[in-house]
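**Q** based on what follows, work out the 3D shape:
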Amino acid sequence: MFGTELSYSQLVDQVERLAGALVSLGVRREDRVLLCMQNCTQVVVAHFAILRADAVVVPVNPMSKSEELRHYIGDSGAKVGIVTADLATGLASASDLLDATERLQCLVVTQYTDGFDAERHDEEAPIPTWRDWLCKAHELPTSGCTVVTWADALQSNRPPQVHAARGDDMAMLPYTSGTTGHPKGCIHHHSSVNHNAFASQHWALLSPETVMLAAVPLFHITGIVMMHAAVVAAGTLVIMPRWNRELAGRLISRRKVSYWSCIPTMVVDLLASPDFASFDLSSLVHIGGGGTAMPQAVAQRLLDTYGLRFVEGYGLTETAAPSHANPWRRPKQQCLGMPFISTDSRVIDPETKKELPHGEAGEIVTHGPQLFKGYWRQPEATAAAFVEIEGKKFFRTGDLGRIDEDGYFFMTDRLKRMINASGFKVWPAEVETLLFRHPAVQEACIISTRDDYRGESVKAIVVLRSTHAHTTADQVVEWCRQNMAAYKVPRQVQFVEALPKSGSGKVLWRALQEHEDGG
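**A** Below is the predicted model:
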């Protein structure tokens, strides 16, 4: 990170030391430990130290606010948290809002500079606007819980116990996005996490020569599995604390990054950089990701200009990231891919639960060793999440899709994200894909708007390219009329400077829809 290297032998030493410190703080087998950090070397050490102590990683989005943190602490039952100093006071304050029996008892707190040399000023050094955030010593919390510094924890002389966790022990408790109500914890055993870590390493042909850019958040399931796969392969992780297109371009160039697992919006942003011509992408041999479909026009530019095929995949927190992936050498654009290693996926009628033939759209359901075991302390939600087919439990993804003649899966949309305009069904993802072809459109999100005559109409929320800042709404609508069926054409176009996104880079279309609905 920022030019400071950590070898695998050093990683093992720090993991052992921190695991011993956790045990001395009272952490026992299958105890939950909160992990709240932006990407840094310490998050890798802490993640594996929690597992080494036979405990359970509860990865928390570092952008979480007080009420969200309070829920994660209280719901998981965690008594120990590991956190960067800039977030420590907020986490401690959220804990203090809980009853005494539910609060965190101890925080292990690290300064970012515990993991890199703050005096570096070369191309890998923190960008100037980050220096105050990353390089200064943040104050430690003064709340009721015990605070242990990272340095003191690593000086612990207590060795961890013999590793005793089994495949059917809980390893992680990541929380879903919480689209309705509070987020739900997804119970993942060592077996589900390990399956996708090893399978990902084989699928992408990772090796000790692989240099991987860790730009996606390591609190997110995609980033976690990517990190595990890199370690399984003994590859190199080049860590970015958060996304910045210029820093990403420099790191790919300087560190000869060969593998980049990303969110398509990152690629769109990198290609829009005014410094893009100075970046050297020749080392990249694999670029791919998921979360949202890669715009066809952008994927084609990568292929035509750099010979890179963007390899899309698909997965959810409940599936420990990939349940589907495109074959590296035979990917299809805007395609979820094929069922992942040892995975059985089908398309069913969401009402009758009957399997549908290839070509017909329905709900994607998945069975495989990477599936979570259920939602933490929510048996009713767990029961509703599965359907039995031919004696096997399949997870209901809530995503609509179809299977083509070659066995590739394509998403049509979320089960509940559909616009009914005068009886015509409009799938927002399809309109968004078309809009990306407009030369003025950098990003777009389609939502529904009330229409007294049609019931619902299509509305486009658009981010314009800087080179087309004078584009008007009428011009976008006219272009749409020329490029899509009339019932799909947005009746309204709203320009914004940026679309709201989750910590993992997904566009928060629900937030835009709720705002439109007056929620």
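**Q** strands of the stretch 401-519 of the chain, start to end?
**A** All strands of the stretch 401-519 of the chain, identified by DSSP state E, counting those that start in this stretch, fall at 409-414, 419-421, 424-426, 441-451, 455-464, 492-495.
**Q** pull the residues that contact the first one.
**A** In other words, strand 409-414. 293, 314, 324, 334-339, 345, 347, 361, 364, 398-404, 427-430 (C-beta atoms under 8 Å, 6 or more residues apart in numbering). The way it works is simple: take the backbone N, C-alpha and C, and place the C-beta from them, glycine included.
**Q** repeat that for 6 Å
**A** Identification of contacts with strand 409-414 by C-beta atoms under 6 Å, 6 or more residues apart in numbering yields His324, Cys335, Leu336, Ala361, Asp399, Leu400, Gly401, Arg402, Ile403, Trp427, Ala429.
**Q** quick one, which of those are buried?
**A** His324, Cys335, Leu336, Ala361, Asp399, Leu400, Gly401, Arg402, Ile403, Trp427, Ala429 (16 or more other C-beta atoms under 10 Å).
**Q** from the contacts of strand 409-414, which two are the most distant?
**A** His324 and Trp427 (18.7 Å; C-beta to C-beta).
**Q** related to what we said a few turns ago, save the strands of the stretch 401-519 of the chain as CSV, and put in mean pLDDT too.
**A** Shown next, in CSV, are the strands of the stretch 401-519 of the chain (pLDDT from 0 to 100):
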stretch, mean pLDDT
strand 409-414, 85
strand 419-421, 80
strand 424-426, 73
strand 441-451, 92
strand 455-464, 92
strand 492-495, 96
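**Q** what residues are up against Asn326?
**A** Asn326 touches Val311, Glu312, Gly337, counting by C-beta under 6 Å, 6+ apart.
**Q** what about Leu25, neighbour count?
**A** Burial measure for Leu25: 21 neighbouring residues, criterion other C-beta atoms under 10 Å.
**Q** let me fix that, I meant to ask about Thr113.
**A** Count around Thr113 with other C-beta under 10 Å applied: 17.
**Q** for this structure, what are the low-confidence residue spans?
**A** 177-181, 416, 422-423, 425, 453, 519 (pLDDT under 70).
**Q** domain ranges for it, per the record?
**A** 8-165, 199-413, 417-516 (automatic domain parsing).
**Q** wait, which of the ones you listed is closest to Tyr175?
**A** domain 8-165 (6.4 Å).
**Q** report the distance from the closest one to the chain centre.
**A** 20 Å (C-alpha atoms, centre = their mean, to the nearest Å).
**Q** end-to-end on that domain?
**A** 22 Å (C-alpha to C-alpha, to the nearest Å).
**Q** do stretch 73-89 as well
**A** So stretch 73-89: terminal residues 14 Å apart, C-alpha to C-alpha.
**Q** stretch 107-125 too?
**A** Using C-alpha to C-alpha, first and last residues of stretch 107-125 are 28 Å apart.
**Q** got the domains of the chain as TSV, with distance to Phe2 columns?
**A** Formatted as TSV, these follow (distance: least, C-beta to C-beta, whole Å):
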stretch	distance to Phe2
domain 8-165	4
domain 199-413	8
domain 417-516	21
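**Q** Cys186 is nearest to which of these?
**A** domain 199-413 (4.3 Å).
**Q** check which helix or strand covers the nearest residue to Tyr306 once chain neighbours are set aside.
**A** Leaving aside its chain neighbours, Tyr306 sits nearest to Leu281 (5.6 Å; criterion: C-beta to C-beta, 6 or more residues apart in numbering). Using DSSP states H and E, Leu281 falls within no helix or strand.
**Q** which residue ranges of the stretch 51-200 of the chain form helices?
**A** Remark: helices assigned in the stretch 51-200 of the chain by DSSP state H, counting those that start in this stretch are 66-76, 85-96, 131-135, 150-154, 190-203.
**Q** quick one: closest of the ones you listed to Ile419.
**A** helix 66-76 (29.7 Å).
**Q** about what we covered before: show me the contacts of strand 409-414 that map onto helices.
**A** With DSSP state H as the criterion, helices contain Ala429 from among the contacts of strand 409-414.
**Q** pick the one among the contacts of strand 409-414 closest to Val211.
**A** His324 (25.6 Å).
**Q** might you report the residue contacts of the closest one?
**A** Tyr314, Leu336, Gly337, Pro339, Phe340, Phe409.
**Q** Val267 versus the third one, what's the distance?
**A** In this structure, Gly337 lies at 17 Å from Val267, with C-beta to C-beta, to the nearest Å as the measure.
**Q** before we move on, what about the fourth one?
**A** When distances are taken as C-beta to C-beta, Pro339 and Val267 turn out to be 25 Å apart.
**Q** same deal with the first one?
**A** Note on Tyr314: its distance to Val267, by C-beta to C-beta, is 17 Å.
**Q** likewise the last one?
**A** Distance, Phe409 to Val267, using C-beta to C-beta: 21 Å.
**Q** do the same with the fifth one
**A** Per C-beta to C-beta, Phe340 is found 22 Å from Val267.
**Q** how far out from the middle of the chain is stretch 160-175?
**A** That offset, for stretch 160-175, works out to 22 Å (C-alpha atoms, centre = their mean).
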